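In: pasting the sequence and the predicted coordinates here, then a few questions.
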Amino acid sequence: QVQLVESGGGLVQAGGSLRLSCAAPGSIFGSYAMGWLRQPPGKERKFVAGIRGRGDSTYYADSVKGRFTITRDFAKNTVYLQMNSLKPEDTAVYYCAADLNWRKFGTDAYDMDYWGKGTLVTVSS
């Protein structure tokens, strides 16, 4: 069973930064697109950012463009989400996900091959 392990969530003040990490098995890391989705309390889950298996293409939701950056480290089999200029509306549970089909990113936020358990990010005003 594939496990994605997230870390890096927490409480931060508005304007601050956090970096989320997602470790994946080496068996999928180089071939699966990976990304982050988030689900605010009582709301639908939505895509935040994604990166192709080879790292040669990225996706960002409009709401985070210019503030968030997704990268992948092939030596550590880890994907990172650097979040800067955080806003209270960024408060959510952030999920790491992986899928063989890059085209899914930005479309169906519930249909991914593999999921992490989620990490809570809280931005105070």
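Out: That came in fine, so what should we check first?

In: which other residues reach the worst-scoring helix or strand of the chain on mean pLDDT?
Out: Taking mean pLDDT, DSSP states H and E as the measure, helix 26-29 is the helix or strand of the chain with the lowest mean score, a mean of 90. With C-beta atoms under 8 Å, 6 or more residues apart in numbering as the test, helix 26-29 has contacts from 2, 53, 72, 74, 77, 98, 114. The way it works is simple: take the backbone N, C-alpha and C, and place the C-beta from them, glycine included.

In: swap in 10 Å and give it another go.
Out: Residues outside helix 26-29 that contact it (C-beta atoms under 10 Å, 6 or more residues apart in numbering): 2, 4, 23, 34, 53, 72-74, 76-79, 98-100, 113-114.

In: tell me the SS of A98?
Out: Secondary structure state of A98, per DSSP: H, G, I helix; E, B strand; the rest coil, is strand.

In: what's the neighbour count on it?
Out: The local packing of A98 (other C-beta atoms under 10 Å) involves 24 other residues.

In: so the spatially most central residue of the chain, which state does it fall into?
Out: The chain has W36 as the residue nearest its centroid, 1.9 Å off, counting by C-alpha atoms, centre = their mean. Counting by three-state DSSP, the backbone at W36 sits in strand.

In: show me what contacts it?
Out: By C-beta under 10 Å, 6+ apart, the residues touching W36 are 6, 20, 22, 47-51, 61, 64, 68, 70, 79-81, 83, 94-97, 116, 119.

In: in stretch 114-121, which residues are buried?
Out: Residues 114-116, 118-119, 121 are the ones in stretch 114-121 that count as buried (16 or more other C-beta atoms under 10 Å).

In: quick one: that stretch to chain centroid distance?
Out: Per C-alpha atoms, centre = their mean, to the nearest Å, the displacement of stretch 114-121 from the mean C-alpha position of its chain is 8 Å.

In: before we move on, what about stretch 116-124?
Out: A distance of 11 Å separates the centroid of the chain from that of stretch 116-124, by C-alpha atoms, centre = their mean.

In: for stretch 13-27, same thing?
Out: 7 Å.

In: swap in stretch 84-92?
Out: Remark: stretch 84-92 is offset 14 Å from the chain centroid, using C-alpha atoms, centre = their mean.
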